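Enquirer: coordinates only, sequence not included:
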């Protein structure tokens, strides 16, 4: 019989290798799934994981990689801080939407000005929109002890309703002949999140994502606040004993993750998405949860995980086009990845041993 | 021998890295009160878990009335006639007494009938209990009664008791012993686990002494002195803490009618607690577990805030200050629970040094942690307190209880506190580490710090305290000089027998 | 605006129908949480149940087969959660989220070919005599079997938890798994069974949506119902009959806002459709602000993972 035995200290080897093992297992399980759908599994896996980087059209896809990865990384970085401290912000999707609405609204209010201040203003407004949306669960949790998981999640549905209302109401393009959806930012240069380096797919969101990765890395490894975040997650009682104020930490973690999600929303709506529309959000807020865990809540890990997840999006689209693989299969693949990761994670904290019959 | 109830022969159980029981043998006769004596970590718990069917031995056999006895589960053990009272109770706070009892029985009767039988048995043995009350509302002593009654209702042939007196006042211990003697007279064998030698000498007919998993002796404890038993148990002559003569300084810490509501719904609130502690003095605070010890420590550490002038440190009101502000002013604390409160289990010793050391050791600069300095601090604790570990990068949970406790106490002592408050400083710690910790507290006081030691180990308190006070239901007795206090006096300060004598009438 | 379009009788009757998916999912989750496990994957299990039930019903032509398939589908998915959290010691919050994300993907894939098809109809039962009582008969006694099943299930769960030995053991495991283990109870096995019961209930709830309430299959059709079921368990302080009350209150808000939308009230549609979620938040706040009571109802070992060390 197999038996788990707790390691005296977490295994460094396994906590670094587990994500890789999870990816490999996902590819195998994904291959089986694709075979069931009547596709050639090797070809499908290659289309998703290999071709976008090394294939014939890689020059196009490589640029896309950063475009897709940036919002995932931005959101996941924010979420990871809270997750480490045991603060579960599940509503990043809502904060992402609100950031986009606030940011886009701030820009569109000045249409058609060409002031160079507009874009910075939109960035501030986007971060603010996400922050204020995350402050609702934060304050309810600190004031009343309300469960932040449920509140932040309910607010996603509220944000979606507001988005629907905005895109057909307040922010609707006055020249759009009554169609829902705002003006397109491509026709509003001062507010457009254009590429800085187009071939590499670098826009301002990518820059912010990299900045977020670096500063979070420094925060967690060097700063007392980062230490307190880790301590709270490891052992809340020890954190209190160490003088950590749990309420402040909740406000900080939720606020920061909200602001980063809001930024991601703003960069997306003013760049790749182009306009506020009823379905401009593509579930990045939820996928970012996978990214955060896959990156082991570590900034560098999240950077890599974000790129990997972006790869599945891009490769998935290619597989959709070339092989007729359904979009849902990609979503399932992402879900599987998280499952496998959680499963192999056991190896970093436990040793598996064979034992004789063991009661207990 | 046909008078043997349980025979244990060459029982061995190994865990990775440690042999918990190495070829252990002993026998218990019907009606015998048999002691299992040994230090923490000697393997007593593993041994009784095997008898109770919770752990299966690697090798060796057990016989019950001469027949092979191999309990696969506690259910099987209970059906055979083995019952057990756990040291850390196996109770459910949100369930009623009757429900708790039912969970520990194999074929419980209907609830109404069970309640009636609980009342009946509790009356017969002088252990009053209300079957309808929630266990969370009961005191530690009452909770133990729940466990005992749960066992008694099954008419056990063998009753295992794991450190049962650690939650009782001396008076309550006497009442418990009466119950046990009565059971023994009725033919029930009792396997009594303890490290308290005087108790064993007064109660037990036979003893098996364990050290590091091996049987190192069997004896009739009534024929040995406590000193002889102790040396058998520890295997070496013990160093008794000593202290130099001291002159008391000014009042360092003062509690003025401290009232505090417990954060835990089943906790004990502090009521009107007053105390003043002088520099250079050790004040021992005794009391049965769950009478407000955790709350008192939290009030002093700053984890729960109080009215500002309810606590003064060197005449400054600090009741409203958080943990780090108090550390800055010189009040340091070490809570009872090592893993998860005093230290974060999965973090390294260096990180655990940062946990309380940032302020007084200057481990941060502009909010950034100076990891080099932190490592040096951790190393100096490891060195000064002889903490056995490969190095400061090791996780706290990889250390043994005694070593981690030395680290936790050392971390505070090395920060040169004006006042140090410790809760259960030697709980679950081996004798040599315990002696080292007590000595360090005495040395600290000799250097002019005020020390408050909250503990449930009366021997420890008598050994190191200048003055003694007791917590009872959240109230603190006025402190009295420790020298010359009798066990009876201490027991009365701790609340005497609580309701046990009175309730014969009530129930 | 035309309030006369709202028929109060139909409104009240439709509350029972609108609430049933949440009643089913919430009572399942209540049992899971009573065993000390927090499964945040209710949404994923519901939508999986919705698609399994729909596909099975369409293929077999029988809604009964559909409901059975939905219960099995939900239970199997929850088993995945059970294995991960109970054997592999994974974090319950993360695993529950993964279950939801996975379930959404899986259901979308399975349901691809079934968008736009109508489900085989489930007959309403007219309970003789009772159904003919004026007013009340129409509101209460003319529904499909699942409505009554869901209410009966609440009663059964209540009775089992309160009076039976297995209920007592379940509560004990959720209260203090170490003590339960020390007394010889199989913590992991009991929790796995509770998790699978929760999964089956969530599956049934999902199938009720796709087979009766809507009745069609669309991607993501649960639209947060699973999360609301989780909120209702908190609202109910882990008490079965209050789950029913909570679900009916929520169902009432949902139905009312749909009716107001249909009546063309001046409030924009978007604000009406967000109202159930806002009200859920409000209710959560009210419940949690009374911390002592909430703390007493919650199983003490909720969300903590158990690993037998001896």
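Expert: Looks like it came in fine. Keep in mind that this is a model prediction, so the values were computed, not measured. Numbers count the residues shown, from 1 in each chain, chains lettered A, B, ... in the order given.

Enquirer: can you list the weak-confidence ranges in the chain?
Expert: No chain specified, so I'll use chain A. A:1-2, A:9, A:354-360 (pLDDT under 70).

Enquirer: wrong one, chain C
Expert: Along chain C, segments meeting pLDDT under 70 span C:1-6, C:126, C:135, C:138, C:291-297, C:308-310.

Enquirer: need the helices for the stretch 1-150 of chain A, in chain order.
Expert: Under the criterion DSSP state H, counting those that start in this stretch, helices of the stretch 1-150 of chain A are mapped to A:12-36, A:41-49, A:51-54, A:58-84, A:92-108, A:118-144, A:148-168.

Enquirer: In chain B, which residue sits nearest chain C?
Expert: residue B:74 (3.0 Å; CB to the nearest CB). For every residue, glycine as well, the C-beta is placed using N, CA and C.

Enquirer: Now do the same contact list for the nearest residue to that residue once chain neighbours are set aside.
Expert: Leaving aside its chain neighbours, residue B:74 sits nearest to residue C:184 (3.0 Å; criterion: CB to CB, 6 or more residues apart in numbering or on different chains). Applying CB atoms under 8 Å, 6 or more residues apart in numbering or on different chains to residue C:184 gives the contacts B:53-54, B:73-75, B:77-78.

Enquirer: likewise residue A:79?
Expert: A:89, A:92, A:257, A:261, A:288-289, A:292.

Enquirer: Show the residue spans covered by the strands in the stretch 251-400 of chain B.
Expert: With strands called from DSSP state E, counting those that start in this stretch, the stretch 251-400 of chain B shows them at B:251-260, B:270-278, B:282-286, B:311-313, B:316-317, B:331-334, B:364-365, B:368-369.

Enquirer: The residue nearest to residue B:74 and residue B:13: what is the separation?
Expert: 18 Å (CB to CB, to the nearest Å).

Enquirer: and if you look at residue C:223?
Expert: Per CB to CB, residue C:223 is found 55 Å from residue B:13.

Enquirer: just residue C:63 next, same as before
Expert: 56 Å.

Enquirer: quick one: which of these two has more around it?
Expert: A direct count of neighbours by other CB atoms under 10 Å in any protein chain shown for residue C:63 and residue B:13 places residue C:63 higher, at 26 against 23.

Enquirer: Can you name the residues that contact the more buried one?
Expert: C:57, C:119-122, C:211-212.

Enquirer: Give me the spatial nearest neighbour of it, chain neighbours excluded.
Expert: Excluding the flanking residues, the one nearest residue C:63 by CB to CB, 6+ apart is residue C:122, at 4.3 Å.

Enquirer: And the host helix or strand of residue B:442, what's buried?
Expert: Residue B:442 belongs to helix B:431-446 when assigned by DSSP states H and E. Within helix B:431-446, the residues that count as buried by 16 or more other CB atoms under 10 Å in any protein chain shown are B:431, B:433-442, B:444-445.

Enquirer: rewinding a little: out of the contacts of residue A:79, which is most surrounded?
Expert: For those, the largest neighbour count, defined by other CB under 10 Å, is 38 neighbours, found at residue A:261.

Enquirer: Please verify my assumption that that residue contacts residue A:92.
Expert: Yes. Between residue A:261 and residue A:92 there is a contact under CB atoms under 8 Å: 4.4 Å.

Enquirer: Can you pull the residues that touch both of those two?
Expert: Each of A:75, A:78-79, A:285, A:288 lies in contact with both residue A:261 and residue A:92 under the rule CB under 8 Å, 6+ apart.

Enquirer: Spatially nearest residue to the residue nearest in space to the middle of chain A, not counting backbone neighbours?
Expert: Central residue of chain A (CA atoms, centre = their mean): residue A:288, 2.3 Å from the mean position. Using CB to CB, 6+ apart and skipping residues adjacent in sequence, the residue nearest residue A:288 is residue A:75, 3.7 Å away.

Enquirer: And for that neighbour, the neighbour number?
Expert: By other CB under 10 Å, 37 other residues sit near residue A:75.

Enquirer: My read is that it contacts residue A:286, right?
Expert: No. Counting by CB under 8 Å, residue A:75 stays clear of residue A:286, with 9.5 Å between them.

Enquirer: residues bridging contact with these two, i.e. touching both?
Expert: With CB under 8 Å, 6+ apart as the test, residue A:75 and residue A:286 both reach residue A:92.

Enquirer: Need phi/psi at residue B:475.
Expert: phi -110, psi 150 (degrees, to the nearest 10).

Enquirer: Quick one: residues contacting the residue lying closest to it once chain neighbours are set aside.
Expert: Closest residue to residue B:475 apart from its sequence neighbours, by CB to CB, 6+ apart: residue B:271 at 5.1 Å. Taking CB under 8 Å, 6+ apart, we find residue B:271 in contact with B:259, B:473-475.

Enquirer: ok, residue B:271 to residue B:309 distance?
Expert: 17 Å.

Enquirer: Likewise for residue A:46?
Expert: Distance, residue A:46 to residue B:309, by CB to CB: 74 Å.

Enquirer: now residue C:148
Expert: Taking CB to CB, one finds residue C:148 at 64 Å from residue B:309.

Enquirer: before we move on, what about residue C:213?
Expert: Distance of residue C:213 to residue B:309, given as CB to CB: 63 Å.

Enquirer: Give me the more crowded residue out of those two.
Expert: residue C:213 (20 against 14).

Enquirer: can you pull the contacts of that one?
Expert: With CB under 8 Å, 6+ apart, residue C:213 has these contacts: C:17-18, C:20-21.

Enquirer: if we go to 10 Å?
Expert: Neighbouring residues of residue C:213 by CB atoms under 10 Å, 6 or more residues apart in numbering or on different chains: C:14, C:17-21, C:50, C:146, C:205, C:207, C:221, C:225.

Enquirer: One more: residue C:168?
Expert: Listed by CB under 10 Å, 6+ apart, the contact set of residue C:168 reads B:92, B:95, B:99-100, B:102-103, B:108, B:111, C:160-162.

Enquirer: Check residue B:469 too.
Expert: Going by CB under 10 Å, 6+ apart, residue B:469 touches B:273-275, B:283-287, B:452, B:454, B:461, B:476-480, B:482, B:493.

Enquirer: Find the nearest non-adjacent residue to residue C:57, please.
Expert: Using CB to CB, 6+ apart and skipping the chain neighbours, the partner closest in space to residue C:57 is residue C:66 (2.8 Å).
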